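Asks: one predicted model, sequence on top.
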Amino acid sequence: MTFTLELLPDTIAICRLDADAPVPDWAKGEFVSITRTQDELTVVCRQDDVPDDVQSERGWRCLRIVGKLDFSFVGVIATLSTVLADAGISVFVVSTYDTDYLLVKEADVDRAVELLGEAGNRILP
């Protein structure tokens, strides 16, 4: 199973806020994910929009699987993340209704793109 992936241009931050915090107005941009649980509010968005005093893990880049993925597809994330895990590259995954996004640290992005390409995936610039 191979995919076409697109490297999104922005550097991303993964932020943690209190569970009862309102969705912040700085959570905006082309790629934003907001997840609330009973324990936390996680905001994934463009790093440049995140205030300095917000608890966050900065310096991530995002690879989007191009196209819509059918819910019956099995092993999409496992296929891609195994390639990266075998090279010691950590991932943070965001899934949406249509597709999946793999986030890798900016320091690892060139190697991740190279490895995913070598595994037969097409990487868009």
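Replies: On my side now, so go ahead. It should be emphasised that the depicted structure is a prediction, and the values quoted were computed from it without experimental measurement. Numbering: from 1, shown residues only.

Asks: report all helices and strands that the longest strand seen in the chain contacts.
Replies: In the chain, assigned by DSSP state E, the strand with the most residues is strand 56-65. For strand 56-65, the packing partners by 3 or more C-beta pairs under 8 Å, 6 or more residues apart in numbering; DSSP states H and E come out as strand 4-7, strand 12-17, strand 100-105, helix 109-118. C-beta here means a position set from N, CA and C on the backbone, and glycine is covered the same way.

Asks: how about those in a markdown table, adding distance to Asp25?
Replies: Below are the helices and strands packed on strand 56-65 laid out as a markdown table (distance: least, C-beta to C-beta, whole Å):
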| stretch | distance to Asp25 |
| --- | --- |
| strand 4-7 | 27 |
| strand 12-17 | 13 |
| strand 100-105 | 22 |
| helix 109-118 | 28 |
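
Asks: do you know which of these lies nearest Gly88?
Replies: helix 109-118 (9.5 Å; C-beta to C-beta).

Asks: now that closest one against strand 100-105, angle please.
Replies: 140 degrees (axes from the mean of the first three to the mean of the last three C-alpha atoms, to 10 degrees).

Asks: residue contacts, the residue most central in space within the chain?
Replies: Nearest to the geometric centre of the chain sits Leu103, at 3.2 Å (C-alpha atoms, centre = their mean). With contact set as C-beta atoms under 8 Å, 6 or more residues apart in numbering, Leu103 has these partners: 12, 14, 44, 60-63, 91-94.
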